[in-house]
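Enquirer: Here you go, sequence then predicted model.
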Amino acid sequence: MKAKINGMHQDHCPPLRFPRLVPTALAIALLGACASAPSTAPSQSSSANLPAAAGGAALPQGFARWVADFRTAARAAGISEATLRSAFDNVQYLPRVIELDRAQPEVTRTVWDYLESTVTTQRVAAGQDKLLQLRNEAEAAASRYGVPPSIVVAIWGMESNYGSNYGSTPTIDALATLGFEGRREDWARSELLAALKIVDNGDIERERMIGSWAGAMGQTQFLPSSFVAYAVDADGDGRRDIWGSMADVMASTANFLSRSGWQADKPWGVEVRLPTGFDYGRADATVRQPTAQWATEGLRTVDGQPLPEFADGTILLPAGARGPAFLVGSNFRAILHYNNSTSYALAVGLLAQRLAGGSGVQAPWPRDLAALTRSQLLELQTALNQRGFASGAPDGVMGPATREGLRRYQRSVGLPADGYPSAELLQRLQEH
C-alpha cells in the first residue's frame, strides 16, 4: 500500500497485521517509507555487484544476471513466455529507486502537522465532489462489502489525491531493481512474481502497470500481492483495473477493508473526554474493553452524544496526555491493515468524517511540543536503557518497547505515563 512522508507522495509497505498502535510523532515520518517492509540481509550475488549508476544508460551486468535467474524461477512458477518477454525484454534498472529505498528521514513531524497537511479544506471539498460524481460506484461497493463510501473515498484521497498522483514508475522495473539490490530481496521477489501473475492474468498490460517507487500501484496503491488477494472486477469487463475503472477501485478498496475485519454500521472511532485521574498507561492497544466499561469509568464523547458500541474499544492518545483522545474500535484496526500507522489511520477516519459532513478534531493540540528527530529518539532510547528502563536496541524508531520503557520512567518520576517522547523528557533523562 502507499503512504505519505512530510506531505509528499511516498510508497507503501506490505499491509501488516495489527500488533500495537504507534502513537508517536515519529510514525508520521515513517508512514510508508517501506523501511519496515520485510527485509533480508544483502546477498553477495546482488548487492555486491551493485555498480555506480552510469547515467542509468546501460543495464548493470549483475542486474542482467539477476533478471535472467528470476526469469527462470518465474517460468518454473507457471508464468507464460509471452508475459516474461513483455516484462523483461526491456526491463530497466532504476538507481533512483535504490536512493529512495535507502533514505532514512531525520526530521519528523508532529501528528497535528501531518493531519493539517493531509486533511485539508481543499481535499475535503474535492472528496465531496468525488462522492457525488462516483455515487453509484461507491454505493455499490458499500452495499457489497459494508464499508461506507466516505471511508473508501478518504483512502483514495490519502493514497493518490483522488487519482491525481499515483506515481509513474513502472512496477516491474521498480521491483526488479529492489530485488537485485538485495536488502529486501525475498519481499521484492515475492511482489515481482505477483506482478507477473497480474499481467499473465490479463488484468493490466505491463506498460500500464505503474505506480510508486516501491511497487504500490493504482488509484489506491495496492502492492501486487494485495492486488492478487483483494482486487475485484466490479464492472464485469473481465479485468481487475485499479488504474482506470473506478468501479474496480472502489470495490477493491472496500474488499480489502472488509477482509481486514471491517464491521458494517460501526464507526472507526470517536473523539472523547477522559475522566479525571485517568491512568494514561491504559491508552494502549493491548487494553481493549467494551464501551460500557469505558463509560462506567467516566469516558464521554466531546459533543455529548452516546459513545459508539465497541466490543473491544481502545483509547488512542496520538499526542500524549496533553492532546486529544479517541475511543477507537475494530474498524480503526482494519484501516491499520492498509497502512500500519496510527497517524495515517486517524487521517483516514477524520477525512471520512469531514466528507460525511462531520467535524474535525475538537480538543487543542499541544503545539508547544516539538517532534523529536531520529537522532534525538536514539538518544532517548540510549538514556532510558542506561537508567534501567529497558527500551530495546536503540534505533531511532519509537516502537512498543521504547514506549513501555518511557512509561516506566514517567511513573518513576511522577509524570503521566503516556509514553509520549518530548524534548523535555529527553533533557530530564540526560540531566539526572
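Expert: On my side now, so go ahead.

Enquirer: can we go C-alpha only for contacts and neighbour counts from here?
Expert: Noted.

Enquirer: hey, where'd the helices end up in the stretch 51-200 of the chain?
Expert: Counting by DSSP state H, counting those that start in this stretch, one finds helices in the stretch 51-200 of the chain at the ranges 61-76, 81-88, 95-102, 111-118, 121-133, 135-145, 149-160, 171-181, 185-201.

Enquirer: among those, which is nearest residue 312?
Expert: helix 149-160 (20.6 Å; Cα to Cα).

Enquirer: residues in contact with the closest one?
Expert: Around helix 149-160, the neighbours that count as contacts under Cα atoms under 8 Å, 6 or more residues apart in numbering are 2-4, 9, 118, 123, 127, 130-131, 138-139, 141-142, 162-163, 166, 219-221, 250, 253-254, 348-349, 351-353, 355-356.

Enquirer: Quickly note the distance from the most centrally placed residue in the chain to residue 288.
Expert: The centre of the chain sits closest to residue 339, judged by Cα atoms, centre = their mean, with a distance of 2.4 Å. Distance, residue 339 to residue 288, by Cα to Cα, to the nearest Å: 21 Å.

Enquirer: With residue 131 instead?
Expert: Separation of residue 131 from residue 288 (Cα to Cα) stands at 33 Å.

Enquirer: which stretches of this structure have low pLDDT?
Expert: For the chain, the stretches with pLDDT under 70 are 1-59, 104.

Enquirer: Let me have the helices of the stretch 51-200 of the chain in CSV, adding mean neighbour count as columns.
Expert: Converted to CSV, those look like this (neighbours: other Cα atoms under 10 Å):
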stretch, mean neighbour count
helix 61-76, 16
helix 81-88, 16
helix 95-102, 16
helix 111-118, 19
helix 121-133, 16
helix 135-145, 19
helix 149-160, 26
helix 171-181, 27
helix 185-201, 21
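
Enquirer: Looking at those helices, which is nearest to residue 362?
Expert: Nearest of these (Cα to Cα): helix 111-118, 12.2 Å.

Enquirer: now what about stretch 298-305, what contacts it?
Expert: Against stretch 298-305 from outside (Cα under 8 Å, 6+ apart): 270, 271, 272, 273, 274, 275, 306, 307, 362.

Enquirer: same question, stretch 286-293
Expert: 20, 307, 308, 309, 310, 311, 312, 313, 314, 315.

Enquirer: which residues touch the third one?
Expert: Right, the one you point to is residue 308. Residues counted as contacts of residue 308 (Cα under 8 Å, 6+ apart) are 266, 267, 269, 270, 291.

Enquirer: Surely the first one forms part of a strand?
Expert: So the one you mean is residue 266. No: secondary structure of residue 266 (DSSP: H, G, I helix; E, B strand; the rest coil): coil, not part of a strand.

Enquirer: The residue lying closest to residue 382 once chain neighbours are set aside: neighbour count?
Expert: Excluding the flanking residues, the one nearest residue 382 by Cα to Cα, 6 or more residues apart in numbering is residue 394, at 6.0 Å. The local packing of residue 394 (other Cα atoms under 10 Å) involves 18 other residues.
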